[in-house]
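Participant: Sequence and predicted structure are below.
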Amino acid sequence: MRQLASIITFYAVSPIHAGAESSTGAIDNPIQRERHTNYPHIQANGVKGAMRAHYRRVENSNQTINYIFGTDLGNDKDARNYKDENNNDEYMAGAISVSDAKLFAMPVRSNVAPFVWVTCPLILKRLKTDLELVRNKTLENFKIPQPSNEKFISLDWSNEEENIILEDAVVTKEKNIESSELKTLFPDLDKLLVISDQMFKYVSENCTEIQTHIKIDSKTGTAQEGALRYAEYLPSDTVLYGIVTYDKSYFENELKAETIKYHVESSIKDFMQIGGDTTLGRGIVKIRWINGGIQ
């Protein structure tokens, strides 16, 4: 099967809460994490649901939304109104596929700036593989930096500091590297450091944002007993990315994959909301599309 593909990037304008199912330790509402790395991520169903909701607000077309995202007759009020040419309910898979949103870089407090972004060799290796998957050659000749533990490599940032404080850890500069390829993919990251996989694991587990939530008793005007809870968020300025593929054969006689790709990427752009706590202004992300080729 031949498909078109793109990478969609998410830059967190406000903290993101893509909630997990159960509490962990003192955190009542933790975020989703990968099982094998424990890195934060956003599961594909949440990404696709956010894209669908945003598309509905922009386009407001029941039939088109079902062509693109598939029908959900049980839960989706728009899909329940969809009928085929014989006026029968019809289930269909949709013309696009969406992956999990993977973590690329996290903001960390520092002594050289309000914050810097950090990533690691494992994440860069993943990104390179994902770009190969979508037939994008931007990182084809990019050599992945391999900093030693407790050291960092600066990408496209000519800082003169030999030692930098990241939260409560001190890392020492190994070298600076000019990387126009990564700058092309993520132009907003002007202070990007590569740290070791071991140190990044610590950052990803301990540098998220924890917020306290309470419920006010309407009668007393004070905090309701037993209503205190702690929620975890990916902080503002976190960067994630996912893969979107467009089926080149599913709607061969109705909607070409090229048309679907152009339409989706023209409709889902600029800013959208993802994750929970919508009424608190959480989960606002800035979107950029990175084009791929034919799979």
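Facilitator: Nice, I can see it.

Participant: only C-alpha atoms for contact and neighbour calcs from this point on.
Facilitator: Noted.

Participant: What residues are bridge-paired with the residue nearest the centre of the chain?
Facilitator: Compute the mean C-alpha point of the chain, and by CA atoms, centre = their mean the closest residue is residue 240, 3.3 Å away. Partner residues in beta bridges with residue 240: residue 10, residue 103, with DSSP bridges as the criterion.

Participant: residues touching it, list them.
Facilitator: If you count contacts by CA atoms under 8 Å, 6 or more residues apart in numbering, residue 240 has them with 9-11, 41, 101-105.

Participant: switch the cut-off to 6 Å
Facilitator: With contacts defined as CA atoms under 6 Å, 6 or more residues apart in numbering, the neighbours of residue 240 are 9-10, 101-104.

Participant: Helix or strand with the lowest mean pLDDT in this structure?
Facilitator: Considering only helices and strands, the least confidently modelled element of the chain by mean pLDDT, DSSP states H and E is helix 62-69, at a mean of 83.

Participant: Packing partners of that one?
Facilitator: Using 3 or more CA pairs under 6 Å, 6 or more residues apart in numbering; DSSP states H and E as the contact criterion, no secondary-structure element is in contact with helix 62-69.

Participant: what about the residue nearest to the centre of the chain, distance to residue 39?
Facilitator: 11 Å (CA to CA, to the nearest Å).

Participant: can you list the domain ranges for this protein.
Facilitator: Listed domain ranges for the chain are 1-18+44-99+234-295, 104-207 (source: automatic domain parsing).

Participant: among those domains, which gets the worst mean confidence?
Facilitator: Here the lowest mean pLDDT among the domains of the chain goes to domain 1-18+44-99+234-295, at a mean of 81.

Participant: Now find how far off-centre the helix ranked longest in the chain is within its chain.
Facilitator: What stands out as the longest helix in the chain, according to DSSP state H, is helix 44-59. In terms of CA atoms, centre = their mean, to the nearest Å, the centre of helix 44-59 is found 14 Å from the chain centre.
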